Each structure stands twice: as structure tokens, then as C-alpha cells.
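*Asks:* A predicted structure for the sequence below; I have some questions about it.
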Amino acid sequence: MKKLDFQVPFTVFSHLGFHSALAAVHTYLEDCSAPDDYDCEKRDSEKCSGCGNCRKGAGGLQEDWYFYFEVLCGRASFSENFDGTRQNPYTIAEDFCLELAGYAYEKAAADFPAALRKSIDAGTPAIAFLKPYAKNNCVVFIGYDGDHPLMAEPGGAQQPPSRPPEWDEVDHLVLLRGKTARRRSLLDGLRRVEGVLQSILEEEVWEDMESRFAYWPLGLREKPFEELRARFERMKQIGWNFDHCHNVAEVFRHRITTELQDSRLDPFCRIIDAAYDSSHNCQWTLIGLADGRDWSKRLFECEEAGFCMLAQWTIARLRKNDADVLTAVRGMIGALEA
């Protein structure tokens with residue numbers, strides 16, 4: 001039996017997918033001396049004062065790396081459309097993230113016990129993708145007991161696994177073999193973000209959503225009440241899924257790497273911070289409009305029109321914020337290319 005002293009928690013902003021697993025392993029390998037004895041009022045009073053000291057600990061660093069990998073691979077900038085037919089082109093982006101982090105790596109699709117033993121004996125946790133691969137569910141193995149894997153405590157992650165997987169539940173292992181020259185850079189990541197945001201605006205995702213809440217003339221006023229309710233419910237669901245504004249903003253607020261700390265990027269980072277802080281508020285507005293009223297009966301038509309107008313104004317603001325962020329991303333690309 002052998003077990004690594006792996007004490008890195010997983011972010012509450014995600015289920016235990018690849019980006020969170022990689023962030024935890026990266027934190028363990030790169031920042032394993034991160035202090036956990038920082039002052040924290042929440043530990044004593046259960047009320048957060050917003051001091052930010054937790055960002056210095058392993059949990060804060062893991063969370064920052066999670067945002068970094070998820071955002072720069074392009075995944076976090078995706079927005080679904082009202083009909084739910086758009087597909088995210090960067091759901092996992094496994095190789096891109098590993099190349100961005102600068103790791104040499106291998107993938108094992110067979111003889112898992114031997115592959116895990118080799119990794120643990122070298123002092124490196126292994127990331128296990130669970131079947132089916134497309135669901136992006138992972139665990140981190142931090143040791144072995146004979147042929148059985150030992151799993152890192154998944155506390156903190158959303159919907160964490162309740163037990164270590166059996167080997168027949170594993171799709172493949174990602175095995176890190178030390179640092180190497182990075183094959184991907186911040187510039188590569190920004191170009192991915194640019195492409196995703198550009199597609200949202202070109203496909204008029206926000207304009208289509210805004211049109212669904214026209215009340216009159218010949219809009220929702222003429223539709224059955226259940227249709228009105230269903231559209232607000234769908235808008236609420238999109239609001240809950242629309243977390244990229246927060247995750248993207250965190251990358252350009254905390255600027256965890258030397259590349260991101262380039263002073264030429266300062267004005268663009270401020271634009272992204274402000275725009276997506278606004279979008280984060282808009283996200284909760286979409287949710288609040290659906291949850292904050294009585295749906296047992298139809299309101300007076302001017303009140304219903306008011307609810308719909310608020311939804312439209314909020315959606316229009318989301319489009320403007322995405323456009324502002326796209327302009328800022330292009331500004332960063334231009335600065336780095338120069």
C-alpha cells in the first residue's frame with residue numbers, strides 16, 4: 001500500500017470534471033506548500049468577511065487554476081441558446097489544458113493497476129476519466145492498496161462520487177510525467193475564447209432569446225398562460241447554467257500567471273471584470289424574475305408586459321457585456337501579438 005499526502009480540496013463551482021481534477025493535481029505538484037493556517041472569520045463565525053485570505057491556501061489556488069483551465073480552453077465562454085440546440089465545441093479540451101499547463105503526459109487505456117502504481121511511486125497523482133467519457137466525470141487517484149486505487153477525498157465538488165470507482169468503470173488514466181516546454185500559451189487560450197464569443201454574437205443567441213419575451217403586439221399576450229410560464233422557466237434554467245461570466249471574470253481579476261500579469265493587459269482585464277460583474281447580476285435577475293412572482297394566475301396585462309420588458313432589458317445587457325468582453329479579448333490578443 002502507498003498513499004500520497006494529498007490535501008487539496010476541490011472547488012464548489014464545479015462537479016469533479018477534468019478541469020477541476022487537473023487544477024487539484026496541478027496545485028498539489030506546484031503549490032503544495034500553500035498555507036492553510038491563514039486568518040479566516042468564516043471558520044469562527046460562519047460569516048465570510050470577504051478578506052480574501054482563503055485565496056492563499058490550497059483551496060483558493062485550486063479554484064483559481066480551475067477557472068484558468070476551464071476559461072482558457074474555451075469551455076467557459078459558451079452560452080446555450082433558448083432552444084438548447086447549441087453544442088459546446090470545447091466540452092473537455094483535455095490535451096489543450098495539459099499542454100497549457102506544460103506537462104508531459106501519457107494516457108493509459110489498459111493495465112490500470114500497473115500504470116497507477118508507476119505514477120504514485122513517482123510521487124504524482126493520476127486523473128481517472130470515468131465512463132462514459134463524454135460526461136466529463138473524473139476522480140483523482142492518490143495511492144494504491146494492492147491492485148485497488150485509493151481516491152482523493154472529493155469534498156467540495158458538486159455531486160461528488162460516493163465511492164472509488166471499480167477499474168471497469170474507468171475509461172482511461174491521465175498520467176503526468178513531469179514538466180516540459182509549454183505547447184500552448186495565454187495567446188492560444190484567448191484565441192479560443194474569441195472564437196466562442198464571436199460565434200455567440202454571430203448566431204444572434206441573445207437577440208433570439210430577447211425576441212421570445214416580446215409581449216405585444218402579437219407576442220406573449222396572445223399566448224396561453226402556460227406558454228408564458230414555460231418561457232420564464234426556461235430563462236431561469238439558462239440563468240442557472242450561465243456561470244461563465246463569473247468564471248471568466250475570476251481569471252482576469254486574480255491573474256494567477258506571469259503571462260496574465262503583463263501590464264499591457266491591465267485595461268482589458270478591467271473591462272472584462274466590469275462587464276462580467278454586470279452579467280453575473282443579470283444572471284440572478286433572470287432567475288429572480290422567474291422565481292419572484294406568483295405563477296398561480298395571470299397578472300394584469302401591463303404587469304405581465306413589465307415582467308417581459310425586464311427580461312428583454314436583462315438579455316440585451318448580456319449581449320452588450322459579451323460584445324464588450326470580445327472587444328477586450330481582441331485587445332489582449334493584439335497587445336500580445338505586438
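*Replies:* Looks like it came in fine.

*Asks:* CA atoms for contacts and neighbours, from now on please.
*Replies:* OK.

*Asks:* do a quick rundown of the helices in the stretch 101-250 of the chain.
*Replies:* For the stretch 101-250 of the chain, helices defined by DSSP state H, counting those that start in this stretch occupy the ranges 112-121, 186-202, 205-211, 225-241, 244-254.

*Asks:* so which residues make contact with the third one?
*Replies:* Residues from elsewhere that reach helix 205-211, judged by Cα atoms under 8 Å, 6 or more residues apart in numbering: Glu80, Asn81, Phe82, Ile200, Ala311, Gln312, Ile315, Ala316, Leu318, Arg319.

*Asks:* in contact with the fifth one, which residues?
*Replies:* Shown in contact with Ala311 (Cα under 8 Å, 6+ apart): Glu210, Phe213, Leu286, Leu289.

*Asks:* for the residues you listed, give me CSV that also has distance to Pro224.
*Replies:* Shown next, in CSV, are those (distance: Cα to Cα, whole Å):
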residue, distance to Pro224
Glu210, 19
Phe213, 13
Leu286, 21
Leu289, 19
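
*Asks:* got a list of what Arg182 touches?
*Replies:* Contacts of Arg182 (Cα under 8 Å, 6+ apart): Glu99, Leu100, Ala101, Gly102, Tyr103.

*Asks:* now those in TSV, with pLDDT, neighbour count and distance to Glu226?
*Replies:* What follows is the contacts of Arg182, written out as TSV (pLDDT from 0 to 100; neighbours: other Cα atoms under 10 Å; distance: Cα to Cα, whole Å):
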residue	pLDDT	neighbour count	distance to Glu226
Glu99	98	18	49
Leu100	98	20	48
Ala101	97	22	49
Gly102	97	17	52
Tyr103	97	20	53
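
*Asks:* looking at the residues you listed, which is nearest Leu4?
*Replies:* Tyr103 (19.5 Å; Cα to Cα).

*Asks:* so which of the contacts of Ala311 belong to strands?
*Replies:* Among the contacts of Ala311, no member is found in strands (DSSP state E).

*Asks:* how about those in a markdown table, adding neighbour count?
*Replies:* As requested, the contacts of Ala311 are exported to a markdown table (neighbours: other Cα atoms under 10 Å):
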| residue | neighbour count |
| --- | --- |
| Glu210 | 20 |
| Phe213 | 23 |
| Leu286 | 24 |
| Leu289 | 17 |
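
*Asks:* kindly reformat those as JSON lines containing pLDDT and distance to Pro160.
*Replies:* Below are the contacts of Ala311 laid out as JSON lines (pLDDT from 0 to 100; distance: Cα to Cα, whole Å):
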{"residue": "Glu210", "pLDDT": "97", "distance to Pro160": "36"}
{"residue": "Phe213", "pLDDT": "97", "distance to Pro160": "37"}
{"residue": "Leu286", "pLDDT": "94", "distance to Pro160": "28"}
{"residue": "Leu289", "pLDDT": "95", "distance to Pro160": "30"}
